[in-house]
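A.B. asks: fold the following for me, if possible:
(chains A and B)
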Number of protein chains: 2
Amino acid sequence: VSAGKERTAATWRDASAALQRTLLGALPAHHPDPELDRFYALMREYPSRGGKHLRGRTVLLATAAHGGDPTAALPVAAALELFQNWVLVHDDIEDASEERRGRPALHRLVGVPVALNVGDAMHVYMWALLLGLANRPGFDADAVRREFTWMIHRTAEGQHLDLTWVAQGRLRVSEDEYLQMVHLKTSAYTVTSPLRLGAYASGREPHPALARIGERLGAAFQIRDDVLNLTPPQAAGGYGKEFAGDLLEGKRTLILVHLLAQAPSDTVAEVERRLAAPRGERTADDVAYLLGRIEAHGSLRYAQGVAERLAGSALEELRDVLADAPGAEAVTELTQLLESLTRRAE
Amino acid sequence: VSAGKERTAATWRDASAALQRTLLGALPAHHPDPELDRFYALMREYPSRGGKHLRGRTVLLATAAHGGDPTAALPVAAALELFQNWVLVHDDIEDASEERRGRPALHRLVGVPVALNVGDAMHVYMWALLLGLANRPGFDADAVRREFTWMIHRTAEGQHLDLTWVAQGRLRVSEDEYLQMVHLKTSAYTVTSPLRLGAYASGREPHPALARIGERLGAAFQIRDDVLNLTPPQAAGGYGKEFAGDLLEGKRTLILVHLLAQAPSDTVAEVERRLAAPRGERTADDVAYLLGRIEAHGSLRYAQGVAERLAGSALEELRDVLADAPGAEAVTELTQLLESLTRRAE
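C.D. replies: Modelled structure (predicted):
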């Protein structure tokens, strides 16, 4: 590990602590009424469980890359992390998730009605944080807020496609349909908007190519995440989620899209039969069968290859687009962070 | 009916049509992808079912009363109606409601996950509408947006108290606790914020007394609504909701608070036993028993009396506060509208 790499890692670690402070500082802390005090604690529950602040750190590095001041962009980055947190509260309800960051999902602790309302309240605190930002030279607060509306609209549209496929029991989606869903659901808030927010927080117009760069990097990130979920623990390093949990959940992934497109019709029918069972009724035998078919048809390798191609071409274009950006060192850190996201082994 | 009263009613009817146009105009209409086109239609579902636009019309009349231009306040009033609509989508999930405006609740049509996400998307379109407003002389857009954050924070806190009482099976709440909950959950967005938004949309500072006036009028409105729900249909005129539906739902009302405070302990135990059953297990016999006890202890009359006292003193203070307001005719219409809300027979 070079000295330069150590400094970079330290920068991220420090930024994560500052992000966490700003994020928690944007949520209410205490109320004289004990039950409303508990309500405030529930809003702080997911943020307090930690997280890697990948998206917030991308905003800070993108700001520095565009010549802006990352300290001034902290509230923007923290608002993005707050977005991630309220979305997770609602996503966990929508996906009937059991755990989040190593503890029970919020609705498993307090029930769906209370958890849903906690997510709504967090959503409004995100807007309160954003409304507190003022336009000034080198900082376009109005554009930051518009970017948030664009981003959340896209995320909700992608979520709608994903949830509708589950609700309708639709497993056969084309690769194009899958990528459209992921561009909306994951890429917008994971890469495209963090990059563009860094431009607005520096008083600059984002390069138009950031949209298509973000789409591909976000898709590569999501596909890599799905591949890791199906990689046996000894090979996946410190990946923290339950091995093959995606198969138990019946999650739509590029791996499944490939398998259903490649397998012979009797295998497809059997895969569909085993995935049609309601969540909770799938067994270890189902998972073993599905992993076997995925292995036999090379679907993991295929998905990994798609992720690498998408990430490779997008990172190359990103380096081109930011070649003359004012913050040369930050550009290097930024591309390293995005590369590590899409190629990470844990 | 005097000619003046006819003109007033016509003004409200016209405003309702304009509100509906502005509200629907703030939501997306069409998407080339059929499933995303359906997503947009789901966002328009509750708004398209109509509604009386009571809160939006209060904003418009409060604007005119403060000397502002109601036409310029239309987006503010429509944003408030959009707030009401996304909250209803989420409330219906939280309360496991079956119907909304005479049709199945959204989650009964598309399932909880899709409906929850539709509500989130509507919430963001509300903010997009508000972010489109610009400060100008006689129109304080920043204050309008801050009022929305204050209002939604309060509504969520009140909703938290109500949902927590249900989740914990807590029926015995004091009248003070009940009023605190209603001030937060109902009064803020039904009266206080509509009145204050009218001031900001006229470039004026709201009178500090509007907060306590709004609390009492909002509580009177909620209590009157609860009384109507338990008034037999032949006596309740055109009240559109299911008679005694609140008892089937086990809703916390001032009527129940009074009954549990007044009845002897064996009656209290029996009332609690019958209300402890999960929703859907309560029978017509339970409802008949509860109505009998409510009648025997005068709880309906008591609640009606509280509502009348709250509304009477609040309306008197409102007339005082607005005595020198620039829009004298609008003040009359505004107080008539608020009076009709709290004294309505349907």
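
A.B. asks: okay, now A:His153: neighbour count?
C.D. replies: When counting by other CB atoms under 10 Å in any protein chain shown, one arrives at 17 neighbours for A:His153. Bear in mind the C-beta positions are built from the backbone N, C-alpha and C, glycine included.

A.B. asks: same check on A:Pro278?
C.D. replies: Close neighbours of A:Pro278, defined as other CB under 10 Å, add up to 8.

A.B. asks: gap between stretch A:270-285 and the chain center?
C.D. replies: On the basis of CA atoms, centre = their mean, to the nearest Å, stretch A:270-285 is displaced by 26 Å from the centre of the chain it belongs to.

A.B. asks: residues in contact with it?
C.D. replies: Outside stretch A:270-285, the residues that touch it by CB atoms under 8 Å, 6 or more residues apart in numbering or on different chains are A:96, A:169, A:171, A:247-250, A:256, A:259-260, A:263, A:286, A:289-290, A:293.

A.B. asks: buried residues, stretch A:215-222. List them.
C.D. replies: A:215-222 (16 or more other CB atoms under 10 Å in any protein chain shown).

A.B. asks: mind checking which of the residues you listed are in helices?
C.D. replies: A:215-222 (DSSP state H).

A.B. asks: just these now: which is nearest chain B?
C.D. replies: Comparing these against chain B with CB to the nearest CB places A:Glu215 closest, at 15.7 Å.

A.B. asks: need the contact list for that closest one.
C.D. replies: Neighbouring residues of A:Glu215 by CB under 8 Å, 6+ apart: A:183, A:187, A:191-192.

A.B. asks: closest one of those to chain B?
C.D. replies: Of all the contacts of A:Glu215, chain B sits closest to A:His183, with 12.0 Å by CB to the nearest CB.

A.B. asks: make sure I have this right: the closest one is in a helix.
C.D. replies: Yes: with the criterion set as DSSP: H, G, I helix; E, B strand; the rest coil, the secondary structure at A:His183 is a helix.

A.B. asks: determine the number of other residues adjacent to it.
C.D. replies: Neighbourhood size, A:His183 [other CB under 10 Å]: 22.

A.B. asks: over to A:Pro233?
C.D. replies: 11.

A.B. asks: kindly report the residues of the stretch 151-300 of chain A close to chain B.
C.D. replies: The interface of the stretch 151-300 of chain A toward chain B, taken as CB under 8 Å from any CB of the partner chain, is made up of A:152-153, A:156-157, A:159-161, A:163-164, A:166-167, A:180.

A.B. asks: for A:Pro104, give its distance to chain B.
C.D. replies: Taking CB to the nearest CB, to the nearest Å as the measure, A:Pro104 falls 16 Å from chain B.

A.B. asks: for that residue, give me its contacts.
C.D. replies: Contacts for A:Pro104 were tallied using CB under 8 Å, 6+ apart; they are A:Glu98.

A.B. asks: how about the strands in the stretch 51-200 of chain A?
C.D. replies: All strands of the stretch 51-200 of chain A, identified by DSSP state E, counting those that start in this stretch, fall at A:99-100, A:103-104.

A.B. asks: check the secondary structure at A:His207 for me.
C.D. replies: Classification of A:His207 into helix, strand or coil gives coil, according to three-state DSSP.

A.B. asks: need the pLDDT of the nearest residue to it once chain neighbours are set aside.
C.D. replies: Sequence neighbours aside, A:Val321 is the residue nearest to A:His207 in space, at 4.8 Å (criterion: CB to CB, 6 or more residues apart in numbering or on different chains). In the prediction, the pLDDT value recorded for A:Val321 is 97.

A.B. asks: could you dump the helix or strand harbouring A:Ala303 to PDB, C-alpha only?
C.D. replies: With secondary structure defined by DSSP states H and E, A:Ala303 is part of helix A:299-321. As requested, the backbone C-alpha atoms of helix A:299-321 are provided in PDB (Å, rounded to 0.1, in the frame of the first residue of the first chain):
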ATOM      1  CA  SER A 299     -24.700 -17.000 -15.500                       C
ATOM      2  CA  LEU A 300     -22.400 -15.600 -12.700                       C
ATOM      3  CA  ARG A 301     -19.500 -15.300 -15.100                       C
ATOM      4  CA  TYR A 302     -21.700 -13.700 -17.700                       C
ATOM      5  CA  ALA A 303     -23.000 -11.100 -15.300                       C
ATOM      6  CA  GLN A 304     -19.600 -10.400 -14.000                       C
ATOM      7  CA  GLY A 305     -18.400  -9.900 -17.500                       C
ATOM      8  CA  VAL A 306     -21.200  -7.400 -18.300                       C
ATOM      9  CA  ALA A 307     -20.400  -5.500 -15.100                       C
ATOM     10  CA  GLU A 308     -16.700  -5.300 -16.000                       C
ATOM     11  CA  ARG A 309     -17.400  -4.100 -19.500                       C
ATOM     12  CA  LEU A 310     -19.900  -1.500 -18.400                       C
ATOM     13  CA  ALA A 311     -17.600  -0.200 -15.600                       C
ATOM     14  CA  GLY A 312     -14.500  -0.300 -17.900                       C
ATOM     15  CA  SER A 313     -16.000   1.900 -20.700                       C
ATOM     16  CA  ALA A 314     -17.700   4.200 -18.200                       C
ATOM     17  CA  LEU A 315     -14.600   4.800 -16.100                       C
ATOM     18  CA  GLU A 316     -12.600   5.500 -19.300                       C
ATOM     19  CA  GLU A 317     -15.200   8.000 -20.400                       C
ATOM     20  CA  LEU A 318     -15.300   9.600 -16.900                       C
ATOM     21  CA  ARG A 319     -11.500  10.100 -17.000                       C
ATOM     22  CA  ASP A 320     -11.900  11.800 -20.400                       C
ATOM     23  CA  VAL A 321     -14.700  14.000 -19.300                       C
END
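
A.B. asks: thinking again about what came up before, just name the most buried of the strands of the stretch 51-200 of chain A.
C.D. replies: A comparison of these by mean neighbour count, using mean count of other CB atoms under 10 Å in any protein chain shown, puts strand A:99-100 on top with a mean of 16.

A.B. asks: which other residues reach that one?
C.D. replies: Taking contacts as CB under 8 Å, 6+ apart, the residues outside strand A:99-100 that touch it are A:46, A:49, A:88, A:92, A:105-106.

A.B. asks: buried subset of these?
C.D. replies: Members of the contacts of strand A:99-100 that pass the buried threshold by neighbour count (16+ other CB under 10 Å) are listed as A:46, A:88, A:92, A:105-106.

A.B. asks: from those, pick the one nearest chain B.
C.D. replies: When the buried ones among the contacts of strand A:99-100 are ranked by distance to chain B (CB to the nearest CB), A:Asp92 comes first, at 10.7 Å.

A.B. asks: identify the residues contacting that closest one.
C.D. replies: Under the criterion of CB under 8 Å, 6+ apart, the contact list for A:Asp92 reads A:100, A:105-107, A:115.

A.B. asks: that one and B:Glu270, how far apart?
C.D. replies: A:Asp92 sits 39 Å away from B:Glu270 when distances are taken as CB to CB, to the nearest Å.
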